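Asks: task: produce atomic coordinates for the following.
(one chain, ligands or ions: 1)
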Amino acid sequence: MNDQTTSRPALEIIDLSIALPNGVRLLRDVSLTLHPGEVRALVGESGAGKSMIGKTVLGILPDTLKRSQGEIILEGQHLNMMTAWTRRQTVAEVTALIPQDPLTALNPLRKIGPQIVDPLIRIRGWDKGRARARALELLERVHIRDPERVMQSYPHELSGGMRQRILIAAAFAPAPRLIVADEPTTALDVTVQKEILKLIRELQKETGTAVLFVTHDMGVVAKISQQVTVLFAGKVMEDAPTRDIFTNPAHPYTRALIAATPSSADLDRPFSPVPPELIADLHAQVVRDDALWQGGKR
Ligand SMILES: Nc1ncnc2c1ncn2[C@@H]1O[C@H](COP(=O)(O)OP(=O)(O)OP(=O)(O)O)[C@@H](O)[C@H]1O
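Replies: Below you'll find the model as predicted:
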């Protein structure tokens, strides 16, 4: 029997809607399930709500955006039934983030070492020696040469690719069970992107960590994920295994996204932007959905 179907999900999101104070929804009844050991890609164009889903799970949404409706369940624990303190503890215990921009994610005024070691002491309660040894182990694992020296460096002394490796090491160091990777390769040049993707995939496989992988790139989806949630305007268009998404996409928007992705394997295949008529149709649908949603709330 397949473990993934029998194990408790690492994450369940059920009918999540996030609205602005004026009632406009940014997420629209989003549901998804992520099992241990699985990578689920969240894919869609800019503004589709991919990062917002990750931020909601991590509890780092800005105060202006309240969670209007829905459930977030982390390893069977209902986050919205917890006090703010317990929720923060639970999220810190279970999850980690690999952010998009390694420069802004690292504190420029602090050396690398403490930026990896301190959270291990704080979150895992390890002593300094154990936390330091774990940081060095992970830095070596992400192919950082001379990790002792790098621990003594400041972020600006390192390349973008090195900084992203360091953030991958920092994310995996406390052995989280769920990682949110928010476009972790977007800020990097193409060759570095490939290396970073490979590294995340290797570490994820070795550790069996569940990963929610935010990307706008169908090429990245194909390389990294087993499951895909396709989003448009905060609404799920399609949720399917990655191989089905590419061999037999069910939704016209998924087909359009695939058609809009240049193929490195087939340079002669023409690619075309998502047709404006389709975008207009989908927008009209979400506006209708929102009217019903508002009606239902009253
Ligand atoms: N703090 C905020 N206040 C109001 N609207 C916001 C806020 N943050 C994001 N939004 C809006 O929510 C929607 C979803 O944003 P989100 O950042 O999740 O999109 P995304 O799919 O991750 O896009 P991108 O690939 O550009 O990062 C967008 O329309 C965005 O403008």
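Asks: below-threshold pLDDT in the protein: ranges please.
Replies: Under the criterion pLDDT under 70, the flagged ranges of the chain are 1-6, 66-67, 263-270, 297-298.
Asks: can you list contacts of the helix ranked longest in it?
Replies: Longest helix in the chain, counting residues (DSSP state H): helix 276-297. Residues from elsewhere that reach helix 276-297 (C-beta atoms under 8 Å, 6 or more residues apart in numbering): 17, 23-25, 28-29, 232-235, 237, 252-253, 256. Just so you know, the C-beta spots here come from the backbone N, C-alpha and C atoms, and that holds for glycine as well.
Asks: stretch 236-255 too?
Replies: 29-32, 41, 44, 221-222, 225-232, 258, 274, 278, 282.
Asks: in the longest helix of the chain, what's buried?
Replies: I279, L282, V286, D290, W293 (16 or more other C-beta atoms under 10 Å).
Asks: cool, stretch 156-176 as well?
Replies: 158, 161-174, 176.
Asks: dump that stretch to CSV, restricted to CA.
Replies: Written as CSV, here are the backbone C-alpha positions of stretch 156-176 (Å, rounded to 0.1, in the frame of the first residue of the first chain):
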residue,chain,number,x,y,z
HIS,A,156,27.3,40.8,1.4
GLU,A,157,30.6,38.9,1.2
LEU,A,158,28.9,36.0,-0.5
SER,A,159,27.4,35.4,-4.0
GLY,A,160,23.6,35.2,-4.6
GLY,A,161,23.9,31.5,-5.2
MET,A,162,25.9,30.9,-2.0
ARG,A,163,23.3,33.0,0.0
GLN,A,164,20.5,30.8,-1.3
ARG,A,165,22.4,27.6,-0.4
ILE,A,166,22.8,29.0,3.1
LEU,A,167,19.0,29.6,3.3
ILE,A,168,18.4,26.1,2.1
ALA,A,169,20.8,24.8,4.8
ALA,A,170,19.1,27.0,7.4
ALA,A,171,15.6,25.7,6.4
PHE,A,172,16.5,22.0,6.5
ALA,A,173,18.7,22.3,9.7
PRO,A,174,16.0,22.1,12.3
ALA,A,175,14.5,19.0,10.4
PRO,A,176,11.1,20.6,9.7
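Asks: for the stretch 51-200 of the chain, what lies in contact range of the ligand?
Replies: Counting by C-beta under 6 Å from any ligand atom, the residues of the stretch 51-200 of the chain close to the ligand are S51, M52, P62, T64, L65.
Asks: pick out the most distant pair among those residues.
Replies: Using C-beta to C-beta, the pair of these lying farthest apart is S51 and T64, separated by 15.2 Å.
Asks: looking at the two, which is more packed in?
Replies: Shown here are S51 and T64; by other C-beta atoms under 10 Å, S51 has more neighbours (17 against 7).
Asks: does the more buried one touch P184 like I think?
Replies: No - taking contacts as C-beta atoms under 8 Å, S51 lies outside contact range of P184: 11.8 Å.
Asks: dump the residue contacts of the single nearest residue of the stretch 151-298 of the chain relative to the ligand.
Replies: The nearest approach of the stretch 151-298 of the chain to the ligand comes at H216, 5.1 Å away (C-beta to the nearest ligand atom). For H216, the contact set (C-beta under 8 Å, 6+ apart) comprises V43, G44, E45, S46, A48, K50, E183, T186.
Asks: good, we can wrap up now.
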